[in-house]
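Visitor: here is my input, please return the structure:
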Amino acid sequence: MWKDMEECQNKLSLVGTETLTDSNAQLSLLIIQVKCLTAELSQWQKETPEMIPLNEEVLVTLGKEEFQKLRHDLELVLSTIQSKNEKLKEDLERIFNELTTKMRDIKEYKEKLLVTLGEFLEDHFPLPDRNVKKKKKNIQESTAQLITLHEMLEILLNRLFDVPHDPYVKISDSFWPPYIELLLRNGIALRHPEDPTRIRLEAFHQ
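Guide: Residues are numbered from 1 along each chain as shown. Take a look at the predicted model:
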């Protein structure tokens, strides 16, 4: 048990010095360590020092000095366990705070990227009916339900992260075919190998 504790402590001491560039790897490492510490803390909280039964015969055999030494040793063990327990609580709280901070930073970074991407796509990839004169009513009506390329990418991105085991999205009438072809030709999206009516976003983060 002590060896396991020391290994856990060594792993914790390395957290601050590790410089992983991939945010997903950092989060995965922190989550694993949180689970490890939580299980370890739960185990230690259940542990109670086993006291040696001291009957009259044992006391006579040991004598007063031996008894005092035994009592001192037991108190030392108890103090050590309590100290380790407190250290585990501190480490768990520290790792939890680090995880919360990293998740918040990643969320803010993602939001900034989406805003920047949205502005770029709105400027360079508008809906087809935005450049059509109002007098061409038939074209406007046929494209009234289309969504922007930005919205298409958001749908694909959300599907990729929300349902990673099945990231494919059914192509609907709101997807403008030229934009679908643009994503496919540039390797941004992929068709389902068995269903050409479904596409997914390329997992560039993996």
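
Visitor: lowest-pLDDT helix or strand in this protein?
Guide: Least confident helix or strand, the chain: helix 137-142 with a mean of 46, by mean pLDDT, DSSP states H and E.

Visitor: flag the shaky bits of this protein, pLDDT-wise.
Guide: Within the chain, the stretches with pLDDT under 70 are 1-31, 33-34, 37, 41, 44-64, 129-144, 205-206.

Visitor: so which elements touch the lengthiest helix in it?
Guide: The helix that spans the most residues within the chain, counting by DSSP state H, is helix 56-124. Under the contact definition 3 or more CB pairs under 8 Å, 6 or more residues apart in numbering; DSSP states H and E, helix 56-124 sits against helix 2-15, helix 23-46, helix 149-162. Using the backbone N, CA and C atoms, a C-beta is placed for each residue, glycine as well.

Visitor: strand partners (parallel or antiparallel) of the following helix or strand past the last one?
Guide: Think helix 149-162. Remark: after helix 149-162, the chain's next helix or strand is strand 169-170, criterion DSSP states H and E. Paired neighbours of strand 169-170 in the sheet (DSSP bridges): strand 198-201 (antiparallel).

Visitor: what comes up buried for the strand it pairs with?
Guide: For strand 198-201, burial by neighbour count (16 or more other CB atoms under 10 Å) applies to R198, I199, R200, L201.

Visitor: now the second one: closest residue in space that isn't a chain neighbour?
Guide: On the basis of CB to CB, 6 or more residues apart in numbering, the spatially nearest residue to I199 that is not a chain neighbour turns out to be A189, at 4.8 Å.

Visitor: returning to what we had before: just put the buried residues of strand 198-201 in CSV and tack on distance to E75.
Guide: Formatted as CSV, those follow (distance: CB to CB, whole Å):
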residue, distance to E75
R198, 67
I199, 68
R200, 62
L201, 61
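
Visitor: and of these, the nearest to R94?
Guide: L201 (35.3 Å; CB to CB).
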